[in-house]
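J.: predicted model and sequence follow; I will ask about them next.
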Amino acid sequence: MADLFADELPPSRPEPVREDAPLADRLRPANLGEVIGQDHLTGPEGAIGRMVAAGRLSSMILWGPPGTGKTTIARLLADSVGMRFESVSAVFSGVADLKKAFAAADKAADAGQRTLLFVDEIHRFNRAQQDGFLPFVERGTVTLVGATTENPSFALNAALLSRAQVLILQRLDREALGQLLTRAEELEGPLPLTGPARDALVASADGDGRFLLNQAETLYNARLDAPLDPAALGAFLQRRVAVYDKDREGHYNLISALHKAVRGSDVQASLYYLARMLTAGEEPRFLARRLVRMAVEDIGMADPQALVQCMAAKDAYEFLGSPEGELALVQSCIYLATAPKSNAAYKAMKASFRNAKETGSLMPPQNILNAPTKLMKEIGYGVGYTYDHNAEEGFSGDDYWPEEMDAQTYYEPVDRGFEREVKKRLDYWDKLRRDRKAV
């Protein structure tokens, strides 16, 4: 990291963009109002918009997918409130670089200049390195702005999270990506694409604005003689581009077909639609999430291992990446399609949630309430509770429903797979409950 403080400490400003810089750099917003797709944060009512209006920034973690503007927002934040901008990357920086950044921030503070320290890929710093930020953030030496694509709850120390506000950036939708291409065309001229090919290019970016602009720059540099259609675009970019219309109907049609083929236990059709989406450039993590949903919605307790298999496939993909990790998604798809099916848990969730909303705040019966205070004991909390482990057969048969409400039945297992065994257990407990009441 270069020493920015040889003689004096002027506020940092973004360097002028060269004419031969990459298209994505030349299109970087000059102010927060030009940032696309993150109005919920940068708009007047957003957290960032309010902080800038007040002229004071809090430390924050910008969490979002690649290519959504995290670095751009950090740079513009510093400029918006007159702070000097210092940047480190957890990929390329170590302890020595951090110490140098903190020393420079201390020196700037002595000169009356506040520092915004931007830490890209902050989740890549280990726990000890993350702890190193704490004293400098606490005493205001730096305002920390970290950027991460990983869930901060898992990737960052609790102590660091307690001192920073987590702000979630959204993946760029079709409209936002279209605005980016429009800006590119205003600068470079029309893209050499037919309308459907332009829509396909937007769809292939999967919310990543930087990727989209890099692809557009490749097209400009090629100086093509005639516009490309979707098939020619896919061949030119050496990337199969799905022919999705501007509403991405093709995307939703294929994921619907995959889900229904799995639900219908047609393993061959399931593999076909999974392959269609993967070869069209669909984001594998999206497919992993959908497979997890199928495991809990359409298989559930008929085979509880289905969820385990899908989560393992997700982890395997994250560990291996593409293309090797895609085999794990294929394996989990095969498991789901061949597993026994049940939506009993899904139906139970729907019914219990609906009932919970309808019944409001009914109190549970007093005998199953804890009594941590003397008053609660005096008014009967916990009186008459039967500890099931001390009851015959480990089952008391007590009534756990609110007094104003009849017992309900939400979960009704099917006679397939593991739920066949679950049904036997429920029947056994129901019989014991009836026998207890008959005594």
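T.: Nice, thanks for sending it over.
J.: C-alpha coordinates for the helix ranked longest in the chain, CSV please?
T.: As assigned by DSSP state H, the longest helix anywhere in the chain is helix 419-438. What follows is helix 419-438, C-alpha atoms only, in CSV (Å, rounded to 0.1, in the frame of the first residue of the first chain):
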residue,chain,number,x,y,z
GLU,A,419,-43.2,-41.2,7.5
ARG,A,420,-44.7,-44.7,7.7
GLU,A,421,-42.6,-45.1,10.9
VAL,A,422,-43.5,-41.6,12.1
LYS,A,423,-47.2,-42.4,11.7
LYS,A,424,-46.8,-45.5,13.9
ARG,A,425,-45.2,-43.3,16.6
LEU,A,426,-48.1,-40.8,16.5
ASP,A,427,-50.7,-43.5,16.6
TYR,A,428,-48.9,-45.0,19.6
TRP,A,429,-48.9,-41.7,21.5
ASP,A,430,-52.5,-41.0,20.5
LYS,A,431,-53.5,-44.3,22.0
LEU,A,432,-51.6,-43.6,25.3
ARG,A,433,-53.2,-40.2,25.4
ARG,A,434,-56.7,-41.7,25.0
ASP,A,435,-55.9,-44.3,27.7
ARG,A,436,-54.7,-41.6,30.2
LYS,A,437,-57.9,-39.6,29.7
ALA,A,438,-60.1,-42.7,30.1
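J.: quick check: buried residues in that helix?
T.: Buried positions in helix 419-438, judged by neighbour count with 16 or more other C-beta atoms under 10 Å: 419, 422-423, 432-433. All C-beta atoms are positioned from the backbone trio N, CA, C, and that covers glycine.
J.: same question for stretch 214-223.
T.: Applying 16+ other C-beta under 10 Å to stretch 214-223 flags 215-217, 219-220 as buried.
J.: give me the average confidence score over that stretch.
T.: Average pLDDT, stretch 214-223: 92.
J.: can you give me the strands in the stretch 1-150 of the chain?
T.: Ranges of strands in the stretch 1-150 of the chain, per DSSP state E, counting those that start in this stretch, are 60-63, 84-89, 115-120, 143-148.
J.: so which of these gets nearest residue 355?
T.: Each of these has some distance to residue 355 by C-beta to C-beta; the shortest is strand 60-63, at 35.0 Å.
J.: what average pLDDT does that closest one get?
T.: 94.
J.: any idea how far it is from the chain center?
T.: 13 Å (C-alpha atoms, centre = their mean, to the nearest Å).
J.: residues contacting that strand, please?
T.: Applying C-beta atoms under 8 Å, 6 or more residues apart in numbering, the external contacts of strand 60-63 come out as 47, 70, 73-74, 122, 144-152, 156, 161, 164-169.
J.: tell me which strands that strand pairs with, and in which orientation.
T.: According to DSSP bridges, strand 60-63 forms sheet pairs with strand 143-148 (parallel), strand 165-168 (parallel).
J.: Serialize the strands of the stretch 1-150 of the chain to JSON lines and add fields for distance to residue 109 and mean neighbour count.
T.: Formatted as JSON lines, the strands of the stretch 1-150 of the chain follow (distance: least, C-beta to C-beta, whole Å; neighbours: other C-beta atoms under 10 Å):
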{"stretch": "strand 60-63", "distance to residue 109": "19", "mean neighbour count": "24"}
{"stretch": "strand 84-89", "distance to residue 109": "10", "mean neighbour count": "20"}
{"stretch": "strand 115-120", "distance to residue 109": "7", "mean neighbour count": "25"}
{"stretch": "strand 143-148", "distance to residue 109": "11", "mean neighbour count": "25"}
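J.: C-alpha coordinates for stretch 326-346, CSV please?
T.: What follows is stretch 326-346, C-alpha atoms only, in CSV (Å, rounded to 0.1, in the frame of the first residue of the first chain):
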residue,chain,number,x,y,z
GLU,A,326,-22.0,-29.3,-10.4
LEU,A,327,-21.8,-33.1,-10.1
ALA,A,328,-22.9,-32.7,-6.4
LEU,A,329,-26.0,-30.9,-7.6
VAL,A,330,-26.7,-33.7,-10.1
GLN,A,331,-26.3,-36.3,-7.3
SER,A,332,-28.7,-34.4,-5.0
CYS,A,333,-31.2,-34.0,-7.9
ILE,A,334,-31.1,-37.8,-8.4
TYR,A,335,-31.6,-38.4,-4.7
LEU,A,336,-34.7,-36.1,-4.6
ALA,A,337,-36.3,-37.5,-7.7
THR,A,338,-36.0,-41.1,-6.5
ALA,A,339,-37.0,-40.4,-2.8
PRO,A,340,-40.5,-41.1,-1.4
LYS,A,341,-42.6,-38.0,-1.5
SER,A,342,-44.6,-36.2,1.1
ASN,A,343,-45.8,-32.6,1.5
ALA,A,344,-47.2,-33.3,5.0
ALA,A,345,-44.7,-31.1,6.7
TYR,A,346,-45.4,-28.3,4.2
